[in-house]
Structure formats: structure tokens, C-alpha cells
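K.L.:
next comes the sequence, and after it the predicted model I'd like to discuss.
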Amino acid sequence: MLRLGRKQIEAAASFLPSMMGFGGSAFLGMLYFTDWKVFCTYIPFYSGKFVEEKKEEE
């Protein structure tokens, strides 16, 4: 079977910052392309896209 030793764990740990960066970028890309309103309303400057104009009835 596959054995993970100290050397393999150290090698995997060296990729952790890159994996976190790519994962975060993928998550933000998913938010951008899906336009998920639940999360996008909390992003500064981007949340203005969801402001609804109130119509005044006279």
C-alpha cells in the first residue's frame, strides 16, 4: 500500500500556500460567474449591483 512518510508530508506542506491561493481564486471566480447574491451583497463596490430602486407612487 501507499505509505506516507515524513518526506512526503513535508513536500505536501510546501504546496499548501499555493493550494489555498488557487482554491480562494476558484471560489471568487465561482462567485463572479454565478452572481451568487447571498455572498456578493457583502463584497464592497460589487454589492451596488443589487441595489433595487424604489418606485415612488403618486
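P.N.:
Perfect, thanks for sending it.
K.L.:
residues contacting the spatially most central residue of the chain?
P.N.:
In the chain, the centroid-proximal residue (Cα atoms, centre = their mean) is Phe27; its distance is 2.7 Å. Residues near Phe27 by Cβ atoms under 8 Å, 6 or more residues apart in numbering: none. Placement of C-beta: from N, CA and C, glycine included.
K.L.:
and with 10 Å instead?
P.N.:
By Cβ atoms under 10 Å, 6 or more residues apart in numbering, Phe27 lies in contact with Phe39.
K.L.:
that one and Phe15: what is the separation?
P.N.:
18 Å (Cβ to Cβ, to the nearest Å).
K.L.:
returning to that earlier point: please, which helix or strand holds the residue nearest to the centre of the chain?
P.N.:
helix 16-34 (DSSP states H and E).
K.L.:
before we move on, the earlier item: what score does the residue nearest to the centre of the chain have for pLDDT?
P.N.:
Model confidence at Phe27, expressed as pLDDT, equals 90.
K.L.:
re earlier: any idea how far the helix holding Phe27 is from the middle of the chain?
P.N.:
Between the centre of helix 16-34 and the centre of its chain there are 5 Å (Cα atoms, centre = their mean, to the nearest Å).
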